[in-house]
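Trainee: Dropping a prediction and its sequence here:
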Amino acid sequence: MSKLITVQRKPLSLVLSALTLTMANGVSAADSNLEVFAENASYYRDEVGLSKFRNTLQLEFESKFSSNLFRSISVNAIIRGTYDGVYDMNDDEFGEDVTYQYLGEDWHSSDVSSPVILTPGVAVPCENDTLLCHNLDGYMDQDSNDIRYPDFNDSYDFIRELYVTADTVVGGDDILSFRLGKQQVVWGKTDLFRVLDVINPVDYSRHNIYDELEDIRIPQWMLKVDWRMGANKVFDDSNFQLVWNFDEFRPSNLGTCGQSYRILDAGCFFSSYVNASYLNAVLGSMGLPALYAGNVPIIHDVEEPDWNLSNTQVGLKWEGVYGDATFSLNALTYRQQLPSLHFRPFAEGLPIPAADGVFDIVFPRVNLLGGAIDYYSMAADAVWRVEFAYTEGEELARDTDGHKETEMARYVIGLDKNLVIPALGTQSAFLISVQLFGEHILDFEKDMPNEEDNWIATMLFKGFYINNRLSPQIILAHDVGGKATAIAPSISYLSGNHWLFNLGLNIKTGGDETFPWTVAGGASVTEPLSRFTNGPIGVANNEDEVQLTIRYSF
């Protein structure tokens with residue numbers, strides 16, 4: 001733990017040093033602004049009861065300065081504190097004292113005709129299982145306080161943002177801008193799912209894929225430099241951007257077992273065991289003696305890269321404007337933020353798990369090339385959006401060999417349009433946003449629990465009434481490969497200048513496929529890799545909820 005704290009203090013000292021340096025160059029305060037809000041989000045899940053009682057206090061601060069050295073300087077900070085009371089108010093369903101009868105029981109019924117291969121996942125393993133806590137050290141090793149107070153940890157996640165921004169004029173009319181500190185750097189303009197927006201990892205334990213990305217990205221200590229070159233003979237505007245993520249690597253948070261949101265239920269899978277009696281029976285069928293004295297942990301070790309310069313992450317973006325089109329070319333070298341499972345055989349040529357763990361979790365280096373185009377069509381009075389990303393170095397799970405490195409292609413085609421529909425009782429325009437995400441595995445293998453080509457379609461339909469104070473909306477998402485759909489209608493109301501109320505539903509359907517696994521001897525079983533074929537929507541098919549959020553802005 002002390003190592004992590006030391007690493008995190010170094011980036012903070014960089015920001016403070018930069019601020020001290022600018023202060024020494026004739027900087028004086030010019031304007032400051034502070035915004036504060038308190039929020040309660042209470043969700044009720046069908047047949048489960050309370051699934052979220054999240055209480056948040058957030059402070060947003062900005063201070064602008066005048067300077068002799070820079071054209072403008074500002075300091076920005078967002079501080080967020082969260083307490084989720086569901087682990088105290090519904091501890092029969094969530095928290096460190098929960099027991100599960102069958103891994104994955106919360107998202108579809110178990111295949112009772114198959115042999116019992118996996119033990120139930122251990123809830124909050126660092127409260128209940130010393131071995132699993134050791135094996136998951138540094139990744140899914142949250143304790144009960146970590147899941148109750150997710151912003152207060154050794155990474156100081158209560159600091160959502162803390163950065164210094166400064167810009168100066170260079171070479172005539174060009175502007176050089178610097179932003180140094182803990183921040184989010186957003187590439188692309190997608191919602192729910194990401195194509196180019198992969199610089200920051202994501203905290204899916206907050207509410208799966210359904211919260212705004214702004215709220216679930218995990219801020220990182222970074223330097224962002226923009227060289228704004230303005231118009232030239234070809235382009236109406238152009239900009240070059242360098243991003244250096246010098247923070248210690250952090251993967252996306254998938255949610256630990258016992259939490260109310262665990263994307264793909266991965267947290268319970270990683271904190272389970274393979275039954276020794278089943279493995280010994282497999283050996284017996286092969287004419288071999290029993291080799292397992294006890295159940296085998298699914299995860300043996302998490303191989304997170306140590307901090308050094310070679311493990312930092314660097315991105316480049318060139319953006320231009322030509323007429324009604326805005327486009328970018330992007331390049332990024334980073335670490336895969338989702339875990340890759342490396343199978344560990346008992347011995348060479350013997351395709352059964354090692355006695356001390358089935359998989360190691362690895363986060364390989366990934367290189368990304370991509371681009372985006374936004375085009376405003378005057379004829380349709382709409383914006384077309386296209387994003388594309390090609391990666392090399394990603395690793396996907398396999399049924400017979402644990403994992404495989406493969407090149408990937410991802411893209412999204414989107415349409416945003418404002419449309420006045422008088423028949424719906426308002427002269428305010430409705431926002432219609434449609435997206436089609438595509439993914440293609442270039443080195444596909446038939447034993448991968450993924451489709452070679454898969455698509456996810458989303459739609460947002462949002463209206464505005466009573467001077468934009470009343471806003472109904474509906475979000476739809478359909479996973480073609482997972483045969484799963486999410487439907488999320490909601491209505492928000494702004495009362496005066498302080499109170500905001502949002503009432504919504506989140507309903508999922510589909511997600512009942514199975515997938516064979518080698519440890520099961522090729523039999524069709526419910527676990528564990530079917531979670532990939534079901535996708536994040538299908539795995540959550542028993543998580544229908546009614547949701548009420550109340551926010552007060554001071």
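Mentor: All right, it came through fine.
Trainee: Can you show me the CA trace of stretch 179-190 as CSV?
Mentor: Backbone C-alpha positions of stretch 179-190 (Å, rounded to 0.1, in the frame of the first residue of the first chain) are rendered in CSV as follows:
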residue,chain,number,x,y,z
ARG,A,179,-2.8,21.3,-19.0
LEU,A,180,-1.0,19.5,-16.2
GLY,A,181,-2.6,17.4,-13.5
LYS,A,182,-5.2,14.8,-12.7
GLN,A,183,-7.8,15.0,-15.5
GLN,A,184,-9.9,13.3,-18.1
VAL,A,185,-8.8,13.5,-21.7
VAL,A,186,-11.7,12.7,-24.1
TRP,A,187,-11.2,11.6,-27.6
GLY,A,188,-14.4,11.1,-29.6
LYS,A,189,-18.0,11.8,-28.9
THR,A,190,-19.7,8.5,-28.2
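Trainee: Same question for that stretch: list its buried residues.
Mentor: Residues of stretch 179-190 classed as buried: R179, L180, G181, K182, Q183, Q184, V185, W187, G188, K189, T190 (neighbour count, 16 or more other Cβ atoms under 10 Å). C-beta coordinates here come from the backbone N, C-alpha and C atoms, glycine included.
Trainee: The fifth one and F246: what is the separation?
Mentor: In this structure, Q183 and F246 are 12 Å apart, going by Cβ to Cβ, to the nearest Å.
Trainee: Same question for G402.
Mentor: Taking Cβ to Cβ, one finds G402 at 32 Å from F246.
Trainee: Tell me who's in contact with L505.
Mentor: Contacts for L505 (Cβ atoms under 8 Å, 6 or more residues apart in numbering) come out as I487, A488, P489, S490, D544, E545, V546, Q547.
Trainee: can you check A123 too?
Mentor: G95, E96, D97, V98, T99, Y100, C257, G258, C268, S271.
Trainee: how about a cut-off of 10 Å?
Mentor: Going by Cβ atoms under 10 Å, 6 or more residues apart in numbering, A123 touches 94-100, 129, 144, 147, 256-259, 267-268, 271.
Trainee: picking that back up, mutual contacts of Q183 and F246, please.
Mentor: Common neighbours of Q183 and F246 (Cβ under 10 Å, 6+ apart) are Q220, W221, M222, L223.
Trainee: Out of those residues, which is nearest to Q336?
Mentor: Ranked by distance to Q336 (Cβ to Cβ), those are led by Q220 at 15.3 Å.
Trainee: what is that closest one paired to in the beta sheet?
Mentor: For Q220, the beta-bridge partners are Q183 (DSSP bridges).
Trainee: what about it, distance to I209?
Mentor: Q220 is 20 Å from I209, by Cβ to Cβ.
Trainee: and the nearest residue to V202 once chain neighbours are set aside, how many neighbours?
Mentor: Spatial nearest neighbour of V202, excluding adjacent residues (Cβ to Cβ, 6 or more residues apart in numbering): S252 at 4.7 Å. As a burial measure, S252 scores 21 neighbours (other Cβ atoms under 10 Å).
Trainee: Just checking, which helix or strand of this structure averages the lowest pLDDT?
Mentor: helix 2-23 (a mean of 51; mean pLDDT, DSSP states H and E).
Trainee: Tell me which strands the helix or strand following that helix pairs with, and in which orientation.
Mentor: Going down the chain from helix 2-23, the next helix or strand is strand 28-45, by DSSP states H and E. With DSSP bridges as the test, strand 28-45 is paired with strand 49-66 (antiparallel), strand 545-553 (antiparallel).
Trainee: Out of the ones you listed, flag the one nearest I413.
Mentor: Among the strands paired with strand 28-45, strand 545-553 comes nearest to I413, with 29.5 Å by Cβ to Cβ.
Trainee: Tell me which residues of the closest one come out buried.
Mentor: Buried, per 16+ other Cβ under 10 Å, within strand 545-553: E545, Q547, T549, R551.
Trainee: Dump the residues you listed to a markdown table, plus distance to V539 and pLDDT.
Mentor: What follows is those, written out as a markdown table (distance: Cβ to Cβ, whole Å; pLDDT from 0 to 100):
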| residue | distance to V539 | pLDDT |
| --- | --- | --- |
| E545 | 15 | 97 |
| Q547 | 19 | 98 |
| T549 | 24 | 98 |
| R551 | 29 | 98 |
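Trainee: and those as TSV, adding distance to N280?
Mentor: What follows is the buried residues of strand 545-553, written out as TSV (distance: Cβ to Cβ, whole Å):
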residue	distance to N280
E545	42
Q547	47
T549	51
R551	56
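Trainee: Going by distance to E395, which of the contacts of L505 wins?
Mentor: Among the contacts of L505, and counting by Cβ to Cβ, the member closest to E395 is A488, at 31.7 Å.
Trainee: quick check, that closest one in a helix?
Mentor: No. Under DSSP: H, G, I helix; E, B strand; the rest coil, A488 falls outside any helix and is assigned strand.
Trainee: ok, for it, nearest residue in space, not its chain neighbours?
Mentor: Nearest one to A488, counting by Cβ to Cβ, 6+ apart, is I475 at 4.3 Å.
Trainee: Ok, F461 next?
Mentor: Closest residue in space to F461, ignoring its immediate chain neighbours: I474 at 5.2 Å, by Cβ to Cβ, 6+ apart.
Trainee: show me what contacts that neighbour?
Mentor: M459, L460, F461, K462, G463, I487, A488, P489, S490, I491, G504, L505 are the contacts of I474 under Cβ under 10 Å, 6+ apart.
Trainee: In the chain, where is pLDDT below threshold?
Mentor: Along the chain, the parts satisfying pLDDT under 70 run over 1-30, 102-115, 514-528.
Trainee: any chance you could map the helices in it?
Mentor: When secondary structure is read from DSSP state H, the chain shows helices at 2-23, 86-89, 125-128, 130-135, 144-148, 213-216, 266-270, 276-285, 530-538.
Trainee: Do a quick rundown of the strands in the stretch 301-450 of the chain.
Mentor: 313-322, 325-335, 340-343, 345-347, 350-353, 359-362, 365-377, 382-398, 402-420, 429-441 (DSSP state E, counting those that start in this stretch).
Trainee: can you redo the strands paired with strand 28-45 as CSV with distance to N232?
Mentor: Converted to CSV, these look like this (distance: least, Cβ to Cβ, whole Å):
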stretch, distance to N232
strand 49-66, 30
strand 545-553, 43
